[in-house]
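[1] heads up, no residue letters with this:
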């Protein structure tokens, strides 16, 4: 009889322990349901005339923001160690952006690549129909690029093969888990990348994923001579790629309509770790530029410089690139602030190394979420924004990359093909209305996704209602601005577009905040309740046993 009572009590105690664990895990194991829905490429979503026909994406794994946009120091092995790359980007002036590129947790490569390709917020536990931990099953950029007939090539980190091995016409994967090997992947990337750049007619989208910086951090730490040497190697290789591309980006050149992105998937701690949400782990970097406009600036530089000068330092003394956004900077600054992109300027060593170099207005002084790159790339390449995207198109990147790119002589945002400012007063509101149209498609897609997700996976009803009310306000402003476009004055049209853009940015920011609250932020209530119950049960068990 006593044994039976003891067994019953132990069984009951086991159930209590399980219940406590379930309460804790409800707050700790964040989940998200992967929806099978696909975005359709309507005329509003996809431009009939795409702005870029090619894209080159260089991913330097675990390249932290301060590895690039920070003062160089002889006492540091990592701060500001890509000067040549940054100088090349600076030559593009206002047609380039160097920005803090903030990752959501978890800061691991698989989750970060999924987020960049879908615009969504992968969590520690994604629930999909296939229950696959790695395969990319949601609507994504690769799928839409393939639908448009784009030819994709990838090299480097073999994570891409786990994500979408059938998406590429050429693939050169290298194993990624030997963190003691700093060179095999990077050397392999360079071995295949250089020949591919010499035959641009064979591909449309090229992705090169370097791993040496990540491995150097894991094995030796950030402040080590191995990291310093690896960053110098990356600076040499990336700047070589930029030079090759820019040399063929003139009128009729193979890379005239090519978008260049140099980015990282996440940062790393001083010990080389990543996965969590500290600033060192979430702060990566994005360098984005139009190769056409970079060629224009470099061509003007070449004509004005001393023909006998050979180095970039000698050339930069004569560079003068007009800022096409100068007439609209006050409003653009307002939009950047409203969208949450403001960031205190990070001092760079370029002013010391190249004193005559004049970078554009968005050079290491802004911040953006990684998922905001997804709708921007979709817009620039003329494909549908993925169904589950939660990002928004940043105004300063739109200004730098989209304005004047379509036809080579567009006056959009006050810029001619040769980079000279335009006096036509209509160019400013034309740009603003173009941006409003891009955000309109962006907002419609995000609204559609959130409400579809609420039907399947559930979202807090009060928060969802608040976000939907913001979207109703956007729709009202949109209807008002388009009801009689010919009957409003120049100033009224500009003000209407401004109010619409501000409302769209407010809605998109609130929508992303709602999703982060649901998908990426630990639920403190269940976690603390589980801990408290666990302590109480443990105390009762100790007392019972004694």
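    Structure's in. What do you need? What you are looking at is a predicted structure, and each value in this text was computed from that prediction instead of being measured. Numbering: from 1, shown residues only.
[2] quick check: residue 192 vs residue 186, distance?
    From residue 192 over to residue 186 the distance is 11 Å, taken as Cβ to Cβ, to the nearest Å. C-betas here are computed from N, CA, C, even on glycine.
[3] the two: who's more crowded?
    residue 186 (25 against 18; other Cβ atoms under 10 Å).
[4] who are the contact partners of the nearest residue to that one once chain neighbours are set aside?
    Nearest residue to residue 186 in three dimensions, chain neighbours excluded: residue 212, at 4.3 Å (Cβ to Cβ, 6 or more residues apart in numbering). Residue 212 sits next to 182-183, 185-186, 230, 233-234 when contact means Cβ atoms under 8 Å, 6 or more residues apart in numbering.
[5] from the residues you listed, pick the one nearest residue 519.
    Nearest to residue 519 among the contacts of residue 212, counting by Cβ to Cβ, is residue 185 at 30.7 Å.
[6] ok, and what's touching the strand or helix carrying that closest one?
    Per DSSP states H and E: residue 185 is located in helix 184-197. Applying Cβ under 8 Å, 6+ apart, the set of residues contacting helix 184-197 from outside is 153, 155-157, 170, 172, 174-176, 178, 202-203, 206, 208-212, 215, 230, 233-234, 237, 241, 244-245.
[7] go again with 7 Å.
    Contact partners of helix 184-197, identified using Cβ atoms under 7 Å, 6 or more residues apart in numbering, comprise 153, 155-157, 172, 174, 176, 203, 206, 208, 210-212, 233, 237, 241, 244.
[8] just the ones in helices from those residues, please.
    Per DSSP state H, helices hold the following members of the contacts of helix 184-197: 212, 233, 237, 241, 244.
[9] ranking those residues by neighbours, who comes first?
    residue 212 (26 neighbours).
[10] so where is the stretch 1-150 of the chain shaky, pLDDT-wise?
    1-17, 19-31, 42-49, 73-74, 123-133 (pLDDT under 70).
[11] how far does the helix holding residue 185 sit from the chain's center?
    Between the centre of helix 184-197 and the centre of its chain there are 23 Å (Cα atoms, centre = their mean, to the nearest Å).
[12] rewinding a little: quick one: buried ones out of the contacts of residue 212?
    When the contacts of residue 212 are checked for burial by 16 or more other Cβ atoms under 10 Å, the buried set is 182, 185-186, 230, 233-234.
[13] now render those as CSV, adding distance to residue 292.
    Output for the buried ones among the contacts of residue 212, formatted as CSV (distance: Cβ to Cβ, whole Å):
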residue, distance to residue 292
182, 35
185, 31
186, 28
230, 31
233, 28
234, 25
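[14] and residue 98, how many neighbours does it have?
    Neighbour count of residue 98, defined by other Cβ under 10 Å: 27.
[15] which among the contacts of residue 212 gets closest to residue 278?
    For the contacts of residue 212, with residue 278 as the reference and Cβ to Cβ as the criterion, the closest is residue 230, at 21.8 Å.
[16] what's the next secondary structure element after whichever strand or helix holds that closest one?
    Using DSSP H and E, residue 230 sits within helix 225-246. Downstream of helix 225-246, the first helix or strand assigned by DSSP H and E is strand 258-263.
[17] follow-up on the earlier one: want to throw the contacts of residue 212 into JSON lines with distance to residue 391?
    Output for the contacts of residue 212, formatted as JSON lines (distance: Cβ to Cβ, whole Å):
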{"residue": "182", "distance to residue 391": "33"}
{"residue": "183", "distance to residue 391": "34"}
{"residue": "185", "distance to residue 391": "28"}
{"residue": "186", "distance to residue 391": "29"}
{"residue": "230", "distance to residue 391": "30"}
{"residue": "233", "distance to residue 391": "32"}
{"residue": "234", "distance to residue 391": "26"}
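[18] who are the contact partners of the residue nearest to residue 499 when sequence neighbours are not counted?
    Of all residues not flanking residue 499 in the chain, residue 477 sits nearest, at 5.9 Å (Cβ to Cβ, 6+ apart). By Cβ under 7 Å, 6+ apart, the residues touching residue 477 are 499-500, 503.
[19] what do you get for residue 211?
    Per Cβ under 7 Å, 6+ apart, neighbours of residue 211: 61, 156-157, 176, 185-186.
[20] quick one, phi psi at it?
    Backbone geometry at residue 211, expressed as degrees, to the nearest 10, gives phi -120, psi -10.
[21] excluding its backbone neighbours, what's nearest it?
    residue 185 (4.2 Å).
[22] just the closest of the contacts of residue 211 to residue 432, please.
    residue 61 (37.2 Å).
[23] list phi and psi for the closest one.
    phi -60, psi 130.
[24] so it is in contact with residue 107, correct?
    No: contact between residue 61 and residue 107 fails when scored by Cβ atoms under 7 Å: they sit 11.3 Å apart.
[25] where along the stretch 301-450 of the chain do the helices fall?
    Assigned by DSSP state H, counting those that start in this stretch, the helices in the stretch 301-450 of the chain fall at 312-315, 329-338, 350-353, 373-381, 395-401, 427-456.
[26] lowest-confidence stretch among those?
    When those are ranked by mean pLDDT, helix 312-315 comes last with a mean of 42.
[27] could you measure from residue 482 over to residue 447?
    On the measure of Cβ to Cβ, residue 482 and residue 447 end up 18 Å apart.
[28] so which of those two has more stuff around it?
    residue 447 (20 against 14).
[29] residues touching that one, list them.
    Residue 447 touches residue 471, counting by Cβ under 7 Å, 6+ apart.
[30] at 10 Å instead, please
    Contacts for residue 447 (Cβ atoms under 10 Å, 6 or more residues apart in numbering) come out as 467-468, 470-472, 474-475, 507-508, 511.
[31] wait, what's in contact with residue 107?
    Here residue 107 is in contact with 62, 265-269, 273-278, 280-284 (Cβ under 10 Å, 6+ apart).
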